[in-house]
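Asks: Following is a predicted model, sequence given first.
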Amino acid sequence: MNDDLWGNIAVDTELKLPVAILKTQASLLEQKTSGILAARVDAFKPTGKEAVGYAFSIVAPELSNYVFKVLTISHPTVLLYPVRVVDQTSKADTSCKTEDEFISVVRQILSSEVVHKAILALLTQSKAAKLR
C-alpha cells in the first residue's frame, strides 16, 4: 500500500512572487533615473481579508520625499494568484489570474501616459531643486 496521499507536488516550479516583480521594477526606475527618483514597495494588510497587500510608489527625495502612488496589489495569503491590481492613477481594478496577466497589467500602468508624465515632472523638479 502506498502511504503517500499527497500526489505529485511540483516543488521545482519557479513562480515569481508578485511583490518580487514590483521590487525589480522599483530598482529599474532608480537605475533609469540615475538615482534621482526612487520607487518603494510597502506592505499593507487589506481590511477584512486573509490577504497580503503591497503599494508601489515613486518617491522624489529632492522634493521632501514626495510620494506619487502608482498601484496597489493584493492576493490571498496562501495563494499568489489571482492577484488584484488597483491602478491608483485611474482607480481601475483588475484581477489577474496568472503571472503573465499580472505582468501585462503592471506594464500597462507603468508605461501609461499619466505615469510617464508624473515621472518627467518629478525628474524636472528634482533636478531644479538640486541646483538651488
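Replies: Here it is on my side, so go on. All figures in this text were calculated on a predicted structure; none of them were measured in a lab.

Asks: Report all helices and strands that the longest helix anywhere in the chain contacts.
Replies: When the chain is scanned for its longest helix (criterion: DSSP state H), the result is helix 113-131. If contacts are counted by 3 or more C-beta pairs under 8 Å, 6 or more residues apart in numbering; DSSP states H and E, helix 113-131 sits against strand 51-60, strand 66-76. (Each C-beta comes from the backbone N, C-alpha and C, glycine too.)

Asks: What residues of it count as buried?
Replies: Buried positions in helix 113-131, judged by neighbour count with 16 or more other C-beta atoms under 10 Å: 115, 118, 119, 122, 123, 126.

Asks: Tell me which of the helices and strands packed on helix 113-131 lies nearest to residue 4.
Replies: Closest to residue 4 of the helices and strands packed on helix 113-131, according to C-beta to C-beta: strand 66-76, at 26.7 Å.

Asks: Report the angle between the helix or strand following that closest one and strand 51-60.
Replies: Proceeding N to C from strand 66-76, the next assigned helix or strand is strand 83-87, under DSSP states H and E. If you take axes from the mean of the first three to the mean of the last three C-alpha atoms, to 10 degrees, strand 83-87 sits at 30 degrees to strand 51-60.

Asks: after strand 83-87, next one along is what?
Replies: strand 93-96.

Asks: ok, and what's touching that following strand?
Replies: Strand 93-96 is contacted by residues 81, 82, 83, 84, 85, 86, 87, 102, 104, 105 when judged by C-beta atoms under 8 Å, 6 or more residues apart in numbering.

Asks: From the centroid of this structure, which residue is nearest?
Replies: Nearest to the geometric centre of the chain sits residue 22, at 3.6 Å (C-alpha atoms, centre = their mean).

Asks: tell me what the one helix or strand that residue maps to is packed against?
Replies: Per DSSP H and E: residue 22 is located in helix 18-32. In terms of contacts (3+ C-beta pairs under 8 Å, 6+ apart), helix 18-32 is packed against strand 38-44, strand 51-60, strand 66-76, helix 99-110.

Asks: Tell me what residue 38 is bridged to.
Replies: residue 59 (DSSP bridges).
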